[in-house]
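J.: After the sequence you'll find the predicted model.
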There are 2 protein chains.
Amino acid sequence: MTSDFIASSVNVNPVVIRRTLSSLKAAGIIDVKAGCGGATPVKEADDITLYDIYSAVDCVEGDLFNFHENPNPECPVGKNIHAVLDSHLADAQTALENELKSVTLADLMNQLNILM
Amino acid sequence: MTSDFIASSVNVNPVVIRRTLSSLKAAGIIDVKAGCGGATPVKEADDITLYDIYSAVDCVEGDLFNFHENPNPECPVGKNIHAVLDSHLADAQTALENELKSVTLADLMNQLNILM
DNA sequence: ATAGTTGTAATCAAGATGGTTACAACTATA
DNA sequence: TATAGTTGTAACCATCTTGATTACAACTAT
């Protein structure tokens, strides 16, 4: 399918589709050649997780949680807030990511077949 | 401490502090009276989790993941995409929230005492 | 009564996001 | 090879979001 076709179905500008496909290509998930229409998967469906896609289109880059890069070193709370909080926030992010890693594109396709 | 004092330490506008304290008050975590300075906790520190604070200041309201409220019903993928994806995304969100629920303010205060 | 504080609406600037246009580079096909 | 159709990407613009700021009413302790 061409980016124009997908765009008209998704009801969005073709450039947005191309940008997203470019991200997936950069992440090594699909291959898309300039000129001829269509994109082809590079990896097997059971080797592509939701996390792969999630990180490919990186809505989130690096840390999910961010706060106050330069807290006041004179403040007893501010001085230690990152030492206290960062590990817990990282744990929460990891929990989310692990859940996304547990679902593959093959899983979704199976669900889709059942529904159709 | 007054909102002005906190604001100068955090290096932010006092109104921002007041807005955040208002959110925490609305969530029943602290009490803050207009007029006199300072805020007092309403619940015990071991009864306040990171999730309570996270949801009180609601950077995220409702769903963490959002995509395409009105997909094309003519499209075999779009027609079923929410039925296929939503539960997995909800699971990921729950995993993150559960992790935040496992850490209390008392935990953080203990860590802080060790560091100080 | 007064000085100092919180609550909140209103406004503004800055940054982020997505939409759109435009065009070069590329590919398959006749 | 010429051509029609497609992708890649830069550039620009409108819109939304976010936080900063001002202003002032309502409140509290002394």
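T.: Structure received.

J.: Beyond the longest helix along chain A, next helix or strand please.
T.: For chain A, the longest helix by residue count, based on DSSP state H, is helix A:81-101. Following helix A:81-101 in sequence order, the next helix or strand is helix A:105-115 (DSSP states H and E).

J.: Give the other helices and strands that that next one contacts.
T.: Secondary-structure packing of helix A:105-115 (3 or more CB pairs under 8 Å, 6 or more residues apart in numbering or on different chains; DSSP states H and E): helix B:81-101. In short, each C-beta sits where N, CA and C put it, glycine included.

J.: So for the helix it packs on, what gets flagged as buried?
T.: B:81, B:84-85, B:88-89, B:92-93, B:95-97, B:99-101 (16 or more other CB atoms under 10 Å in any protein chain shown).

J.: Please name every helix or strand in contact with it.
T.: helix A:81-101, helix A:105-115, helix B:50-56.

J.: what sits up against the first one?
T.: The list of residues contacting helix A:81-101 from outside it, by CB atoms under 8 Å, 6 or more residues apart in numbering or on different chains, reads A:49-51, A:54, A:63-65, A:67-68, A:71, B:50, B:88, B:91-93, B:95-96, B:98-100, B:103, B:108, B:111-112, B:115.

J.: will you turn the buried residues of helix B:81-101 into JSON lines that also has pLDDT and distance to residue A:34?
T.: Conversion of these to JSON lines gives the following (pLDDT from 0 to 100; distance: CB to CB, whole Å):
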{"residue": "B:81", "pLDDT": "93", "distance to residue A:34": "28"}
{"residue": "B:84", "pLDDT": "94", "distance to residue A:34": "31"}
{"residue": "B:85", "pLDDT": "94", "distance to residue A:34": "30"}
{"residue": "B:88", "pLDDT": "96", "distance to residue A:34": "33"}
{"residue": "B:89", "pLDDT": "95", "distance to residue A:34": "32"}
{"residue": "B:92", "pLDDT": "96", "distance to residue A:34": "34"}
{"residue": "B:93", "pLDDT": "95", "distance to residue A:34": "37"}
{"residue": "B:95", "pLDDT": "97", "distance to residue A:34": "39"}
{"residue": "B:96", "pLDDT": "96", "distance to residue A:34": "38"}
{"residue": "B:97", "pLDDT": "95", "distance to residue A:34": "43"}
{"residue": "B:99", "pLDDT": "97", "distance to residue A:34": "43"}
{"residue": "B:100", "pLDDT": "96", "distance to residue A:34": "44"}
{"residue": "B:101", "pLDDT": "97", "distance to residue A:34": "48"}
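
J.: ok, now which ones touch the residue nearest the centre of chain A?
T.: Residue closest to the average C-alpha location in chain A (CA atoms, centre = their mean): residue A:54, at 1.4 Å. The neighbours of residue A:54, taking CB under 8 Å, 6+ apart as the test, are A:60, A:97, A:100.

J.: returning to what we had before: intersect the contacts of helix A:81-101 with the contacts of DNA strand C.
T.: With CB under 7 Å from any atom of the strand as the criterion, those include none near DNA strand C.

J.: remind me which residues of chain A are low pLDDT?
T.: A:59 (pLDDT under 70).

J.: Please identify which helix or strand holds residue A:31.
T.: strand A:30-32.

J.: Residue A:61 now?
T.: Applying DSSP H and E, one finds residue A:61 in no helix or strand.

J.: That one and residue A:55, how far apart?
T.: Distance, residue A:61 to residue A:55, using CB to CB, to the nearest Å: 9 Å.
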